[in-house]
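>>> Please work out how this folds:
(2 chains)
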Amino acid sequence: MNIRETLAGFGEFWNEFRKSTLGLVGLGILVLFLLFGTFGQYLTPFPGATENWRNIDFWQDNAQAAPPVWTNVPWGTQAAASAFLSDAKVEVQELDGGVKQATWSFAYPYQADQAPRDVIFAFTGTGQVPVILSVTRPDGKTVEISRQQLDLAEGELQRVSVTNSGAQSLIEFIRSSDEALASKLVADVVKPTRLLFAKIDPQMAETPVSLKGSYTFTLTALYLNETSKVEDPSVRISGAVSGLLGTDISKRDIYTGIVIGIRWALIIGLVTSLITVLIGVLLGVLAAYFGGPVDWVINRVYEYFYLMPVIPFLVVISAIFKITIWALIGLIVLFFWTGAFKPVYGMALQLKEEVFVEASRALGSSRWRIILKHIFPMVLPYSFAVMALSVPGVIVYEATVSILGLGDPNIVTWGGILQAAFGQGAVINNLWWWVVPPGLMIALMGMAFVFLGTALDKILQPKLKTR
Amino acid sequence: MTNTNVLEVKNLKLHYFTGQGVVRALDGLTFEVARGETLGLVGESGCGKTTTGVALLNMPSPPGRIVEGQIFVDGVDIVGLSPRKLRREIRWTKVAMVFQGAMNCLTPVYTIRQLMDETYREHVDPYTKAASEAAMKKYVAMVGLPDHILDRYPHELSGGMKQRVVIAMALFLEPSLIIMDEPTTALDVIVQAQILNLIKGLKKDLGLSYIFITHDLATEAEVADRIMVMYAGKAVEIGTNQQIFGTQGPAHPYTAKLLAATPRLHVKVDELAFIPGSPPDLINPPAGCRFAPRCPFAKDKCLTAEPALTALGPQHQVACWKAMKDVDYERQ
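Numbering: from 1, shown residues only, chains lettered A, B, ... in the order given. Reported below is the predicted structural model:
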């Protein structure tokens, strides 16, 4: 019967809630956030990003500071997007003397005007394997990027970047058709991918004209003996544009960062506001109900934390201790419970004089019973509203602390992304896609909770007045 | 002590310890209530009626404290009892109270069923849901309400219905004594009459003992068997309904003044009678009779010596030098 009553109560609540457009918008945004916070990390292009956010190797195949893909507007220049090629045509040939030759061919249709930042051949190999990496262009010419004699430990990962090690090969390639141009090029200065994806003409170094069509990246390996082998070859294109929200200077995908940041924003916001409000309400009710010395002590403690400047305090604390996110939540709770305390204290002072409290005493209720069953439920609706309204405050606070560089370095938060952006000159370098999305997300999440809180406030406050 | 008395109060003193001084809200109160009897408590606002009621639950609100005296409920002195014993064995099981402004007695966030069930669960051992449910239905029916109000929240009920619920809750555990603190004050006259009839009917059917607190003498005349008139924390006159309201009139000048100040339907009055002055300061009560400064019959004796409650006749006690025909008073 209790479940039925609760359901009925909830139905009634929902009927009222439905009338509030703001509340529904807030709820919608929150549900989206919850879905993305729960499943989003599996939908990002980089599944292990949560653990590897600060691992440079994890991101090394990405483009650096690349704008989002949707900056390729139909009427503008098309920049090559990032791509990951793993489907290869494999050919294995028996050569003389028991030597095998394996060839992987990756097809890459290229239709952009602006060349990608880099093309990376990656594979794992074992033992002695001579490899040849080459690119066949749509004009039928083949560029040999690198020819290496590798001696690999078992399963060692090998990466060959065109940008890093292809400059000289490309100059040689140009020399075969235009001697004069090649002699003007300096290996340290040219951008190899721009040459690779350009039509051969005298101006190709300064104003390359992109050669559109199908490119084939070929990896040829020789297995000199039984143990040597090459596995999992792939070609990664580091685009001139990358991902839904671009990349940062450390080559990290910002969309992935935003998605995995949702979880922490929700955890920080909800956990912190839940605990702060609970503590604030409990202390408020206790101080008011017990009065006397209890009241005095709690109020003095309140004043202490209310008047204490938080940021300097946190700066000092984080200078001494290494702050984890849980410690940070603890510290925020320590200062934020004051928000709910005074209003609840005031309400409880009034409530404890109510006849029903006296009646409950006459009925033989103990003090704790009166507090928990007769005063607490009366301030609970208010607490819910305060809780929803304090979530954005807490999220912004964590972001503030992170921007100051005092956050937990082991987790991904929007504040942390912003801090990296400011620290590494995103604003000066015009990397707007690094700054705007996390800022917007903080605002959006704050907005969702404010909408919810306002709607709750409207529904729950009149209930208090019906007495 | 005789077993016919549900309640015996002896020399009860309850003081409020405020920053300004000690307020002697109850200063040596002695009375008793017999089984099946209704004792009416009347007096001006602030004379200690409600304080008396709360004291009988040994539940003075801070900074108040019972400093002296004994309260025997069914022969058990409740003054020295531990809070736990008070909660378990006295409050509501022995003595129940219907509070002033009873409509605010019901915590607004619970249904009537939840509120009544909580009471039952707290006090009845062993608790069974069926027994609790049966008791609820019985008493709700007894106060003339339909079953379905059990599922209502307090704000969904009218004032009269809430009052009935509160009375049902007071009856619920079948206490020895029910204190009614102005149970009809906030209600309109029709509902007042209904509630008073209900109270009288219940008394007749269940043989309940009441203490009925009100400042409305007409109501008191209706329901009370005996009347205790209080003034400034003391009982000034205790007598039967007949002795107080009868043709020969009350013995104490204060009671007489109180009666005279009651508007009457069939007598044309140009100006209502009232008692000049105001009740004395209870921190520094006047020496002598506390009513003396406002009493038209006050003489020197009244201002210096305090009269004790003295038997005037069978069941009739009064604290007044004039009524007691004191020799010194007569001479002055």
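>>> mind checking which helix or strand of chain A has the lowest mean pLDDT?
helix A:2-18 (a mean of 75; mean pLDDT, DSSP states H and E).
>>> Can you get me a residue count around the nearest residue to A:Glu358 once chain neighbours are set aside?
Nearest residue to A:Glu358 in three dimensions, chain neighbours excluded: B:Phe99, at 6.3 Å (CB to CB, 6 or more residues apart in numbering or on different chains). In short, each C-beta sits where N, CA and C put it, glycine included. For B:Phe99, the count of nearby residues is 23 (other CB atoms under 10 Å in any protein chain shown).
>>> How much space separates B:Phe99 from A:Lys352?
15 Å (CB to CB, to the nearest Å).
>>> One more: A:Gly330?
31 Å.
>>> neighbour-wise, which of the two wins?
Shown here are A:Gly330 and A:Lys352; by other CB under 10 Å, A:Lys352 has more neighbours (18 against 13).
>>> picking up where we left off before, pLDDT score for the residue nearest to A:Glu358?
Listed pLDDT for B:Phe99 reads 85.
>>> unless I'm mixing things up, it is touching A:Ala362, no?
Yes. Here B:Phe99 lies in contact with A:Ala362, judged by CB atoms under 8 Å, at a distance of 7.4 Å.
>>> List the backbone torsions phi and psi for the residue nearest the centre of chain B.
In chain B, the residue lying closest to the centroid (CA atoms, centre = their mean) is B:Ile213, at 3.4 Å. Dihedral angles of B:Ile213 (phi, psi; degrees, to the nearest 10) stand at phi -100, psi 130.
>>> correct me, but it touches B:Lys49?
Yes. Contact criterion CB under 8 Å: B:Ile213 and B:Lys49 qualify, at 4.7 Å.
>>> what residues are shared contacts of those two?
Common neighbours of B:Ile213 and B:Lys49, using CB atoms under 8 Å, 6 or more residues apart in numbering or on different chains, are B:41, B:181.
>>> Leaving out the residues flanking it, which one is nearest to A:Ala359?
Closest to A:Ala359 by CB to CB, 6+ apart is B:Cys105, at 4.0 Å.
>>> Next one, pLDDT for the one you found please.
Value listed for B:Cys105 in the pLDDT field: 85.
>>> Check B:Ser209 too.
pLDDT, B:Ser209: 90.
>>> what does the one 4 residues further on give?
Residue-level confidence at B:Ile213 comes out at 91, pLDDT.
>>> what bridges to it?
B:Leu41, B:Asp181 (DSSP bridges).
>>> what sits against it?
Counted by CB under 8 Å, 6+ apart, B:Ile213 has contacts B:40-41, B:49-50, B:52-53, B:100, B:179-182.
>>> Just send those residues back as TSV, with neighbour count too.
As requested, the contacts of B:Ile213 are arranged in TSV below (neighbours: other CB atoms under 10 Å in any protein chain shown):
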residue	neighbour count
B:Gly40	24
B:Leu41	27
B:Lys49	22
B:Thr50	20
B:Thr52	26
B:Gly53	24
B:Gln100	20
B:Ile179	28
B:Met180	27
B:Asp181	22
B:Glu182	21
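>>> Go through these and name the one nearest A:Leu195.
Minimum distance to A:Leu195 across those is 95.6 Å, recorded for B:Gln100 (CB to CB).
>>> I'd like to know how far A:Val357 sits from A:His374.
6 Å.
>>> A:Ala448 is in contact with A:Leu30, isn't it?
Yes. A:Ala448 lies in contact with A:Leu30 (CB under 8 Å); the separation is 4.8 Å.
>>> near chain A, which residues of chain B?
Taking CB under 8 Å from any CB of the partner chain as the criterion, chain B approaches chain A at residues B:57, B:59, B:61-62, B:86-88, B:90-93, B:96-97, B:99-102, B:104-111, B:118-119, B:122-123, B:155, B:166, B:169.
>>> Tell me the buried residues within these.
Using 16 or more other CB atoms under 10 Å in any protein chain shown as the burial test, those include B:57, B:59, B:86-88, B:90-93, B:96-97, B:99-100, B:102, B:104-111, B:118-119, B:122-123, B:166, B:169 as buried.
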